[in-house]
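Visitor: pasting the sequence and the predicted model now:
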Amino acid sequence: MAFLHAAQDTPDRGLLQVNVVSSENNFPVENATVSIANSDTPEQILEELTTDSSGQTEEVSLPAPPLEYSQQANEPRPYTDYIIRVTAPGFEPMTIDGTEVLPSVLALQGVRLRPLVLGPSSPILIPDHTLYGTYPPKIPEDEIKPTNESDEIVLSRVVVPQTVVVHDGVPSDASAKDYFIPYRDYIKNVASSEIYATWPRSTIVANVLAIMSFTLNRVYTEW
């Protein structure tokens with residue numbers, strides 16, 4: 001019954017392309033085998049693709065929910081979750097569960113394969129989109145930040161950094177891990193987590209500008 005429901009609720013189509021690189025040097029991985037399955041029926045392979053010299057698969061068309069689901073709040077889930085499994089000679093296999101495909105747009109899924117000499121890799125589970133899933137509220141902040149903290153730096157001008165440091169926890173949790181993310185990737189990943197690619201272009205631009213402004217304020221004030 002779950003398969004029948006999924007089929008009835010995915011009358012539209014979306015596109016997916018998978019980009020595979022080595023985690024050691026970011027070089028593209030050619031001739032990697034990429035299998036795609038619906039997360040609801042993980043053993044049923046829908047597509048099996050091979051990467052080219054650029055580490056990319058062809059764009060493949062997959063079932064997706066109706067476009068109108070992503071245009072209004074409180075609608076059913078507007079995307080379909082897929083499982084991506086990637087294997088390549090000389091690399092550890094990788095599984096990504098939760099790749100989101102929206103109707104009428106192209107989803108790009110990056111995959112970083114670990115060389116065998118670096119040991120096994122862990123599967124990646126992508127959680128629900130923030131517009132659809134249930135998450136705790138944002139930690140409240142004072143509009144005016146204290147200025148008497150040690151080692152505080154306020155830059156003389158706004159700069160666009162090459163790297164953004166993401167602290168995976170509340171600011172007071174010193175044990176939480178820090179991740180160093182290229183600025184462009186950070187903005188791109190935040191945007192794809194907070195808005196839908198099916199929205200009007202002007203809406204997407206406005207949201208991306210807000211994300212960039214917030215991020216650069218954090219960099220500028222070093223808060």
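Guide: Arrived safely.
Visitor: for the rest of this, base every contact and every neighbour count on C-alpha atoms.
Guide: Noted.
Visitor: next, the closest residue to residue 70 other than its chain neighbours: phi, psi?
Guide: Nearest residue to residue 70 in three dimensions, chain neighbours excluded: residue 78, at 5.1 Å (C-alpha to C-alpha, 6 or more residues apart in numbering). The phi and psi values for residue 78, taken as degrees, to the nearest 10, are phi -90, psi 0.
Visitor: so residue 78 sits against residue 104, correct?
Guide: No: here residue 78 does not reach residue 104: they are 11.6 Å apart, not a contact under C-alpha atoms under 8 Å.
Visitor: how distant is the lengthiest helix in the chain from the center of its chain?
Guide: For the chain, the helix with the greatest residue count under DSSP state H is helix 201-221. Put simply, helix 201-221 sits 17 Å off its chain's centre (C-alpha atoms, centre = their mean, to the nearest Å).
Visitor: got the CA positions of it in CSV?
Guide: Taking Å, rounded to 0.1, in the frame of the first residue of the first chain, the C-alpha atoms of helix 201-221 are listed here in CSV:
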residue,chain,number,x,y,z
ARG,A,201,13.3,33.6,-9.0
SER,A,202,12.8,36.9,-7.3
THR,A,203,11.8,35.1,-4.0
ILE,A,204,14.9,32.9,-4.2
VAL,A,205,17.1,35.9,-4.8
ALA,A,206,15.6,37.8,-1.8
ASN,A,207,16.1,34.9,0.5
VAL,A,208,19.7,34.3,-0.6
LEU,A,209,20.5,38.0,-0.1
ALA,A,210,19.1,37.7,3.5
ILE,A,211,21.2,34.6,4.2
MET,A,212,24.3,36.4,2.9
SER,A,213,23.6,39.5,4.9
PHE,A,214,23.1,37.5,8.1
THR,A,215,26.3,35.5,7.5
LEU,A,216,28.4,38.6,6.7
ASN,A,217,27.1,40.3,9.8
ARG,A,218,28.4,37.4,11.9
VAL,A,219,31.8,37.6,10.2
TYR,A,220,31.9,41.4,10.5
THR,A,221,31.1,41.5,14.2
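Visitor: show me what counts as buried in that helix.
Guide: Under the neighbour-count criterion of 16 or more other C-alpha atoms under 10 Å, helix 201-221 has 204, 208, 211, 212, 215, 216, 219, 220, 221 buried.
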